[in-house]
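Participant: Sequence below, structure please.
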Amino acid sequence: MDTIFEQDNYMMTFINGFEKGEQDYVLAIDVPTKYYKAKFKKNKEDNFVLMFTVDEEDDFNPEYFFSRPAVLCAQGTIDIILMNFDARSISMSLKAPHNVEVIYISFTTELDPSKWDYSQHCAYYRYSKKDFRFTDLSLHYELTTNKNQHSSWRNAFVVKESSQNEILVSFEETIPGDDAYCVFRCQKAMSYQAFEKIIKAVLTSIGLLSGYYFGERAYFLSKYTGDPPQSKVPLVIRYVNTSKSLKHSYPILDEVHYEDIDRKRLELTTEQYGKLLHLLTDNDDYLRAFRLLIDASSIDGISRGAIAAVALESIANNLNEKGAAAAIISNKEVASQLKYELSKVLKKIKPRIPKEEYNKIESKVGAVNIQPNAVKLESCFEKVGIQLTDEEKFCISCRNSFLHGGVPKNKDLEFLSQEDMVFMVSQRLIMLSAMLILKLAGYRGKVIDWGYTIIVKRRAIMSGSPFKKKGNAHRDLA
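Facilitator: Residues are numbered from 1 along each chain as shown. Predicted structure coming up:
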């Protein structure tokens with residue numbers, strides 16, 4: 001790679017050679033005198049295959065790898081620790097000598113996190129260039145990792161972990177072949193937990209904004225840079241392949257270039273993106289909501305709307321203040337008098353109705369001053385300065401319909417088929433949820449209104465109308 005970070009070139013060389021499985025190892029297991037010559041290489045599913053041979057007279061139980069760890073040793077290179085909970089399958093040939101293959105999804109060179117936790121961490125997340133290019137994320141990149149620092153090719157941005165530390169995130173796509181890497185590199189030592197939290201925020205935001213969610217398929221380097229006490233390990237390498245990538249067709253931000261729209265109106269600045277990432281790292285509900293919106297964008301039907309409704313309510317619960325803001329009558333004295341009078345009337349008829357009915361009505365009286373959910377949700381948009389249209393208010397009011405498996409209905413939209421109605425409303429709920437967080441991050445540009453875009457395109461196709469240019473409908477946050 002033509003990069004300013006020589007470590008990345010070393011890492012790519014290591015990965016390429018390591019994954020081919022050319023190194024000879026000695027396999028050590030938790031059984032005295034049991035040692036085997038072994039190979040270790042990556043398969044097509046990006047898992048690693050441990051391969052070795054067992055003689056006929058060897059009393060060997062292949063189930064060992066599901067219950068006990070193993071270690072691969074080789075002179076002049078790192079030792080690889082294989083844990084039983086990372087083993088996924090075992091195969092053994094019937095004829096002697098028996099060829100054994102064990103598939104692992106992860107490995108490490110050190111088990112004790114305390115020996116590498118507070119270090120300079122670096123992560124290499126692999127992705128396919130066919131599924132994602134860094135330009136798919138509508139972000140105004142300001143940095144380059146190219147050796148020519150004056151190059152117009154910008155592929156990186158910085159996330160501030162604190163006033164003292166930064167994490168550089170770069171997309172390295174100049175590597176030959178179909179794969180590329182998203183690289184996370186912290187400037188100074190930090191806890192791995194904080195490092196991992198920032199990675200999750202970046203990958204989740206990319207998943208919703210660009211339509212591609214990175215799977216957990218990565219190499220991690222933890223390099224201890226302080227004084228080398230015996231309790232620390234200078235370099236730890238770990239690999240994980242625990243989840244698959246997810247690609248959906250409904251990114252929130254638009255990477256298409258338009259003649260009549262300034263590109264700046266369609267992309268986040270690095271400052272806005274930094275604020276978005278801090279919102280996601282500081283608030284688990286926001287991060288969880290973004291992840292739900294990715295899942296909603298990846299499925300069809302009523303389930304899409306139900307998941308989007310849950311995400312919207314999760315965001316709203318964080319934005320809405322409790323107490324007076326959630327009440328219909330803000331005057332506490334008046335509200336208390338109302339409850340008292342209603343309770344007094346209810347007690348008069350208590351002997352005349354079944355206990356079960358009385359309890360239900362009593363609970364209603366207790367909640368008489370609480371705003372309806374739709375109103376509480378709408379108030380969130382007012383707080384961040386977003387004025388909802390009547391159609392958008394209708395979409396928000398459909399939340400309960402989706403949660404109970406129903407189909408939204410609107411007399412003014414009867415021209416839409418049931419399928420189109422479900423798609424439009426659910427997609428608008430996704431869009432509106434994302435708009436709240438983007439507005440909090442300071443974004444004032446445009447997002448894609450897929451609810452409108454897809455229905456218009458479907459109807460154009462059905463009527464035989466040709467598409468002159470590629471493009472999408474937008475919702476303005478300004």
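
Participant: show me what contacts D117?
Facilitator: Contacts for D117 (Cβ atoms under 8 Å, 6 or more residues apart in numbering) come out as 191-193, 222. Where C-beta positions appear, they are placed from N, C-alpha and C, glycine not excepted.

Participant: hmm, 10 Å instead?
Facilitator: Contacts here follow Cβ atoms under 10 Å, 6 or more residues apart in numbering; on that basis D117 touches 189-193, 195, 222, 224, 232, 236.

Participant: Select only the buried ones of those residues in ChimeraX?
Facilitator: Provided next is the ChimeraX selection string for whichever of the contacts of D117 are buried by 16 or more other Cβ atoms under 10 Å:
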select :189,190,192,195,222,224,232,236
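
Participant: Of the contacts of D117, just say which sits nearest to V447.
Facilitator: Distance to V447, by Cβ to Cβ, is smallest for F195 among these, at 29.7 Å.

Participant: Next, the closest one: secondary structure please.
Facilitator: helix (DSSP: H, G, I helix; E, B strand; the rest coil).

Participant: thought it was touching S162?
Facilitator: No - F195 is beyond contact range of S162, at 11.9 Å (criterion: Cβ atoms under 10 Å).

Participant: that older thread, and the contacts of D117, which of them are in strands?
Facilitator: 222, 236 (DSSP state E).

Participant: Which residue in the contacts of D117 has the weakest pLDDT?
Facilitator: The lowest pLDDT within the contacts of D117 belongs to K232, with 75.

Participant: What is the one helix or strand L292 maps to packed up against?
Facilitator: L292 is located in helix 284-297, with elements delineated by DSSP states H and E. Helix 284-297 sits against helix 192-210, strand 212-213, strand 246-247, helix 270-282, helix 302-319, helix 418-440, with contacts defined as 3 or more Cβ pairs under 10 Å, 6 or more residues apart in numbering; DSSP states H and E.

Participant: Let me have those in a markdown table, extended by distance to Y104.
Facilitator: Output for the helices and strands packed on helix 284-297, formatted as a markdown table (distance: least, Cβ to Cβ, whole Å):
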| stretch | distance to Y104 |
| --- | --- |
| helix 192-210 | 21 |
| strand 212-213 | 24 |
| strand 246-247 | 23 |
| helix 270-282 | 31 |
| helix 302-319 | 33 |
| helix 418-440 | 37 |
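
Participant: Can you give me the distance of the one residue sitting closest to the centre of the chain to N146?
Facilitator: The centre of the chain sits closest to T204, judged by Cα atoms, centre = their mean, with a distance of 2.7 Å. Going from T204 to N146 by Cβ to Cβ, to the nearest Å gives 27 Å.

Participant: what does A311 give?
Facilitator: From A311 to N146 the distance is 38 Å (Cβ to Cβ).

Participant: So for these two, which residue has more residues nearby?
Facilitator: A311 (27 against 19; other Cβ atoms under 10 Å).

Participant: Quick one: distance of stretch 438-449 to the chain centre.
Facilitator: Centroid separation between stretch 438-449 and its chain, computed with Cα atoms, centre = their mean, to the nearest Å, is 19 Å.

Participant: quick one: terminal-to-terminal distance for it?
Facilitator: Taking Cα to Cα, to the nearest Å, stretch 438-449 runs 15 Å from one end to the other.

Participant: buried ones in it?
Facilitator: For stretch 438-449, by 16+ other Cβ under 10 Å, it's 438-441, 443, 445-449.

Participant: now stretch 149-162
Facilitator: Quick answer for stretch 149-162 (16+ other Cβ under 10 Å): 154-159, 161.

Participant: could I get that stretch in PDB with only the CA atoms?
Facilitator: Provided in PDB are the C-alpha atoms of stretch 149-162 (Å, rounded to 0.1, in the frame of the first residue of the first chain):
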ATOM      1  CA  GLN A 149       0.100  14.200   1.800                       C
ATOM      2  CA  HIS A 150      -0.800  16.800  -0.900                       C
ATOM      3  CA  SER A 151      -2.800  14.200  -2.800                       C
ATOM      4  CA  SER A 152      -6.500  15.000  -3.500                       C
ATOM      5  CA  TRP A 153      -7.400  11.400  -2.600                       C
ATOM      6  CA  ARG A 154      -8.900  11.700   0.900                       C
ATOM      7  CA  ASN A 155      -9.700   8.500   2.700                       C
ATOM      8  CA  ALA A 156      -9.500   9.200   6.400                       C
ATOM      9  CA  PHE A 157     -11.000  11.000   9.400                       C
ATOM     10  CA  VAL A 158     -10.200  11.500  13.100                       C
ATOM     11  CA  VAL A 159     -12.400  10.600  16.100                       C
ATOM     12  CA  LYS A 160     -11.400  12.400  19.300                       C
ATOM     13  CA  GLU A 161     -11.500   9.900  22.200                       C
ATOM     14  CA  SER A 162     -10.500  12.700  24.600                       C
END
